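Visitor: predicted model and sequence below, questions to follow.
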Amino acid sequence: MLFRLTALGATILAATTSLALAHGDVAPQPVNTDALPDLADPEEWMTENPYRGMGDEVYQKAIEIGSSGYTQNCARCHGLEVISGGLAPDLRFLEAEEYGDEWFVERFRHGYTQNGTTKMPAFGELLGQKAAWAIRTYIETRPDDAMVTELTPELMALKGQLEGEAPDIPAISAQLGDIAGQIETLSGAPVADSVARKAQMSLASHPENTHRAVEILTVGLSAAH
């Protein structure tokens, strides 16, 4: 069931954030956003993710850049793959629409302090708006891990086919696409950047390199468990 971030939900998240580990002296790491389109007014912070409506190619690039930015700057407290260990809010549930975006960008820009202790540093001036929305795109496209677990046997079977002799790449790619279409996000975003989707995209780009798709499935399914 999709968690709807109401005012009450925001209050719960704000309270939960107070449990987050302080970043201490860990310096924010820069995020290279050169491959993303420039925003109309980089000085005027938007309240809704602009990359959500710029087409599949831009959205995918934002996911890739956001993945790196999140891993370097956010995973320490919010968890790898945005799966929280309970000390910080599980950002996968932030709605992929303006209300969730506003909450995210407010915290990203200004951080969060409680009783004089920085629970989350302010990233806005250090990383900039393009990095913020790239990270937001990565967060909102995290797949529902329960659905990935449910479909793991099918994905493992396809992995086995890819490892066999003379695999039927078009058929396997089509099956990966069907599975990817079944996996939803917890945010309501239209695209779930699941291991099935990543493997299918790899086969579409490099059909001769089955080892790459196998590695994606191996690592992705291991991480899911």
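Guide: Yep, that arrived. Residues are numbered from 1 along each chain as shown.

Visitor: thought Leu158 was touching Ile216?
Guide: No. In this structure, Leu158 is not within contact of Ile216 by CB atoms under 8 Å, at 11.3 Å. Using the backbone N, CA and C atoms, a C-beta is placed for each residue, glycine as well.

Visitor: find residues that contact each of the two.
Guide: With contacts defined as CB atoms under 8 Å, 6 or more residues apart in numbering, the residues adjacent to both Leu158 and Ile216 are Ala199.

Visitor: who's more crowded, these two?
Guide: Leu158 (23 against 20; other CB atoms under 10 Å).

Visitor: what packs against the helix or strand hosting that one?
Guide: Following DSSP states H and E, one finds Leu158 within helix 145-163. Applying 3 or more CB pairs under 8 Å, 6 or more residues apart in numbering; DSSP states H and E, we find helix 145-163 packed against helix 169-182, helix 195-205, helix 210-224.

Visitor: which is the next helix or strand following the lowest-mean-pLDDT helix or strand in the chain?
Guide: When the helices and strands of the chain are scored by mean pLDDT, DSSP states H and E, helix 7-17 comes last with a mean of 38. Using DSSP H and E, the helix or strand that follows helix 7-17 in sequence is helix 56-73.

Visitor: the helix or strand following that next one: how far from the chain's middle?
Guide: Downstream of helix 56-73, the first helix or strand assigned by DSSP H and E is helix 75-78. Offset of helix 75-78 from its chain centre (CA atoms, centre = their mean, to the nearest Å): 13 Å.

Visitor: now do stretch 110-125
Guide: 22 Å.

Visitor: quick check: buried residues in that stretch?
Guide: Tyr112, Lys119, Met120, Pro121, Ala122, Phe123, Gly124 (16 or more other CB atoms under 10 Å).
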